[in-house]
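In: any chance you could fold what I've pasted below:
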Amino acid sequence: MPVLNCLCGMKILIVPDVTAMGKAIRNHLIEHKRLTGADLTEEILTQEILKVLINDSNEAWLSE
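Out: Purely as a prediction, here's the structure:
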């Protein structure tokens, strides 16, 4: 499964269950703020996750 490496050093496992992924994003926003003191929005984190998924899809397609 793909993983997002956050700037704060934590790794977020990207799961195919939308509800579980939404919960993981919201949980990470709290942990990110605790670790760094910086706010991270749900929108920005979701965009970063989509970038990881697109990159992984492209790599899988190119390896075929």
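
In: how close does the residue nearest the centre of the chain sit to residue 64?
Out: In the chain, the centroid-proximal residue (Cα atoms, centre = their mean) is residue 49; its distance is 3.9 Å. Relative to residue 64, residue 49 is positioned 23 Å away (Cβ to Cβ, to the nearest Å). Yep, even glycine has a C-beta here, placed from its N, CA and C like the rest.

In: quick one: residues in contact with the lowest-mean-pLDDT helix or strand in the chain.
Out: One helix or strand of the chain scores below all others by mean pLDDT, DSSP states H and E: helix 42-63, with a mean of 89. Residues outside helix 42-63 that contact it (Cβ atoms under 8 Å, 6 or more residues apart in numbering): 2, 3, 4, 6, 12, 14, 21, 25, 26, 28, 29.

In: buried ones from these, can you make that a PyMOL selection?
Out: Per 16 or more other Cβ atoms under 10 Å, the buried members of the contacts of helix 42-63 correspond to this PyMOL selection:
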select buried, resi 4+6+12+14+21+25+28+29
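
In: just put the contacts of helix 42-63 in a markdown table and tack on pLDDT.
Out: Compiled in a markdown table, the contacts of helix 42-63 are given as follows (pLDDT from 0 to 100):
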| residue | pLDDT |
| --- | --- |
| 2 | 91 |
| 3 | 94 |
| 4 | 94 |
| 6 | 95 |
| 12 | 94 |
| 14 | 93 |
| 21 | 94 |
| 25 | 95 |
| 26 | 96 |
| 28 | 96 |
| 29 | 96 |
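
In: narrow the contacts of helix 42-63 to those in helices?
Out: 21, 25, 26, 28, 29 (DSSP state H).

In: most widely separated two among those residues?
Out: 21 and 29 (12.9 Å; Cβ to Cβ).
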